[in-house]
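[1] from the sequence below, what's the structure:
(one chain, ligands or ions: 1)
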Amino acid sequence: MPLYLGFDSSTQSLTATVIEVEAARRTIVFEHVLVFDEAFPSFGTSHGVVRSEDGATVTAPAAMWAAALDRMMGVLQRHVDVAAIRAISGSAQQHGTVYLTLGAGTTLGAFEPGEPLDTQVAPLLSRSQSPVWLDSSTTAECTHMTAAVGGAEEMARLTGSRAYERFSGAQIRKFAKHEPAAYAHTERIHLVSSFMASLLAGRHAPLDPGDASGMNLMDITTKTWAPQAMDATAPGLEPKLPPVRGPWTVVGELASYWRQKYGFGPARVITWSGDNPSSLVGLGLVEPGDLAISLGTSDTVFGPMTHPAHDPAHAGHVFGSPAGGYMALTCFANGSLARERVRDEYGLDWNGFSARLRATEPGNGGGMMLPWFVAEITPPVFQPGVRRRRLDPADAARNVRAIVEAQAMAMRLHSRWFAPDVKTLRATGGAAANADILQIFANVFGADVVRITPRNSASLGAAIRAYHADRMASHEPVTWEDAVAGFTDPDAGSRIQPDRTSVAVYAALLPEYEAFESAARHEQVSG
Ligand code: XUL
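    A predicted model of the protein is given here:
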C-alpha cells in the first residue's frame, strides 16, 4: 500500500501524520506528536521557545528541531512500514529563520547514520538560536524597511503584508546589523520549512511561495525575490536566500542518512510549506468561495483566492497557496479569550452562554459591542478597551449576544476584501463545538457553516501535499478536490444553514457596525 508522510514542525511540537491512499480508500494510518519541552529538556525551552528577559526577543534552538526529526523517524520505524512511504512533505511554523554556515550545502548530504543528527547539525549553524514568529524585537528594522520601499502601502502591495516584526526580513536585518561577521559567514538563510526539507533531502531545499510570502522579501505577484525589498533588508542577501519554487516541487530523494539508519526507501522529498498554507489543504479549502474560520485563542479567517488583493485595513496577509494561486489570512486577537471574559463576567458556563444566545433576538435590538479586551490586530487597535452602544453592561444576555455578533461582523467586514462571496464556512477550533455560536456566523455571512473536527490540519495537509506532488511527478496528476477527498470531509450532520430573516437583519446592521468600529478607531488615533 502506498503511504505518504506529512510533518508539522510547529512552535511547541513536531507532529507526523501518515496517510494511505489506494483508489477510493483514504486512511490516516498513524499520527504521533513529540512535545519539545518534554522530549528534549536539555535544550531548555519553555513552550518550545527561549524568551529573553525583555520578553521581546524570542528564539528556538534549530538543533532541537533536527533532534526531533531524528527521534520521530525512529518512532515511525517502529510503527509503520517505512519502506512503503513514497513521498514526504511538511509544514512549519512560519517566519522563523535558520542560518547555515559556509560549506553547509555539502555537509548536509554527508551525515553519519551512526551519530545523532543534532550534534552533526549544530556546527553547521552560523547562529545557534533561530528567531521565531513570537519575536517582537524588530520595530526599528520594520520602520527602516518600510521607509526604504516607499511606505506601508507599497510594502503590502509588493510583498503581500506590511512590515511585521515577526516576519523574516526584519529578523535578517537585525542579525546582519548586530552580527555582521556571522552574517558574512552565512551560506544560506532557510525558513524552518526549507531547513527541515534540507535535512531530509541532504541538500539545500527551495522555499515554496506560501512560506516565502511570510518574509516581506518576495514579490507576491511574480513569486520571485523583490530586489527593492532585499536592498531594504541587508547587503548581499540574494545569494543567501533559497530559490522560490512551485509548491509541489520535488527536492530530491530521501538522503542516505535516513535510509541507512531507519530503513526508508528512496521516498520523494517534497518542498515544505508554512503551517497556515498547509492547513488550507488540511481543511480541504481548495475551492474559492470556501472559507475557514478557526475559533481558538485568537480567531482566524482564511481562504483561497485567485488574485493577490490587498487589505484596505492593512491587517491581513496575502500568502501563496500550496494549491497554486493565493490565500489570505486575517487574525483577530479577541477570540476565545474575549468570549471567556464575557462568560466569566456574568458567572455563566458554556450552557448558560448558549441559553442567553437563544433567548435574545438576532441584531440584539441594535445593541453593539466592540470587544477589544486586549489590543486588537484586526482592525489595528493599540489601546485596548471595550465599547458598548445601546447596551446596558448589566444585561448579561444581550452582552453575550453582542460579543458573538461583534466577532462575526468584524470577521465578515475584514474578509470581504478577499472573499466577497462566501458559500461555505468550514469551522474549526474549540468554539466550533457550539452550534449557537456557529448559527450567528451563518447568519452574518449568509453562508452554510460546517464543522471540521479539530485535528492536526497542518501535518495532514502536508501528507496530502506529499501525495499530490508524488502523483504530479509520476505523470498521473490528481486534482486538489480528489487529493483532499476522504480526508477533509465535514463532520456528518454538522451543516448549519443561514436563516433568511436574520441574514437580512445583519445585512442592514453591518454598515452601522462598520461606522461604530471606524469612529472608535478614529478616537483612539486622535485621542
Ligand atoms: C502566521 C504566524 C503564525 C505562525 C504559527 O503569520 O505568525 O500563525 O505560523 O506557527
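[2] now the residue in the stretch 401-527 of the chain that the ligand sits nearest to: which helix or strand?
    With C-beta to the nearest ligand atom, the shortest gap between the stretch 401-527 of the chain and the ligand falls at residue 458, namely 8.3 Å. Where C-beta positions appear, they are placed from N, C-alpha and C, glycine not excepted. Per DSSP states H and E: residue 458 is located in helix 457-473.
[3] what mean pLDDT does the very next helix or strand once past that helix have?
    Beyond helix 457-473 on the C-terminal side, the first helix or strand identified by DSSP H and E is helix 480-484. Averaged over helix 480-484, pLDDT sits at 94.
[4] for the following helix or strand past helix 480-484, list every residue counted as buried.
    Next along the chain after helix 480-484, taking DSSP H and E as the criterion, comes helix 500-526. Using 16 or more other C-beta atoms under 10 Å as the test for burial, helix 500-526 gives 502-503, 505-506, 509, 513, 516-517, 520-521.
[5] what helices and strands are in contact with helix 500-526?
    Where contact means 3 or more C-beta pairs under 8 Å, 6 or more residues apart in numbering; DSSP states H and E, helix 500-526 is packed against strand 368-370, strand 387-389, helix 396-413, helix 435-445.
[6] how far off centre is the first one?
    Averaging C-alpha positions (C-alpha atoms, centre = their mean, to the nearest Å) puts strand 368-370 28 Å from its chain's average.
[7] same deal with the third one?
    In terms of C-alpha atoms, centre = their mean, the gap separating the centre of helix 396-413 from the centre of its chain is 25 Å.
[8] begin at 610 from here
    Renumbered: residue one is now 610, and that last one reads helix 1005-1022.
[9] what's in contact with stretch 994-1003?
    Identification of contacts with stretch 994-1003 by C-beta atoms under 8 Å, 6 or more residues apart in numbering yields 973-982, 1007-1008, 1011, 1125, 1129, 1133.
[10] so is stretch 1032-1042 next to the ligand?
    No. Judged by C-beta under 6 Å from any ligand atom, stretch 1032-1042 makes no contact with the ligand; its nearest approach is 13.0 Å.
[11] swap that for stretch 696-708, please
    Yes. Judged by C-beta under 6 Å from any ligand atom, stretch 696-708 comes into contact with the ligand through 702-704.
[12] need these in TSV with secondary structure, can you?
    Compiled in TSV, these are given as follows (DSSP: H, G, I helix; E, B strand; the rest coil):
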residue	secondary structure
702	coil
703	coil
704	coil
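[13] partner strands of the helix or strand that contains residue 669, parallel or antiparallel?
    In the assignment (DSSP H and E), residue 669 maps to strand 667-670. Note on strand 667-670: by DSSP bridges, its sheet partners are strand 659-660 (antiparallel), strand 738-740 (antiparallel).
[14] now do it: distance to the chain's middle.
    18 Å.
[15] and that strand, C-alpha only, in CSV?
    This file holds the C-alpha atoms of strand 667-670, laid out as CSV (Å, rounded to 0.1, in the frame of the first residue of the first chain):
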residue,chain,number,x,y,z
VAL,A,667,12.0,35.0,21.3
THR,A,668,14.2,32.3,19.7
ALA,A,669,14.4,28.5,19.5
PRO,A,670,17.5,26.2,19.0
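[16] would you mark the buried spots in the helix or strand just after it?
    Tracing the chain C-terminally past strand 667-670 and defining elements by DSSP H and E, one meets helix 671-688 next. For helix 671-688, a neighbour-count test (16+ other C-beta under 10 Å) marks 671-682, 685-686 as buried.
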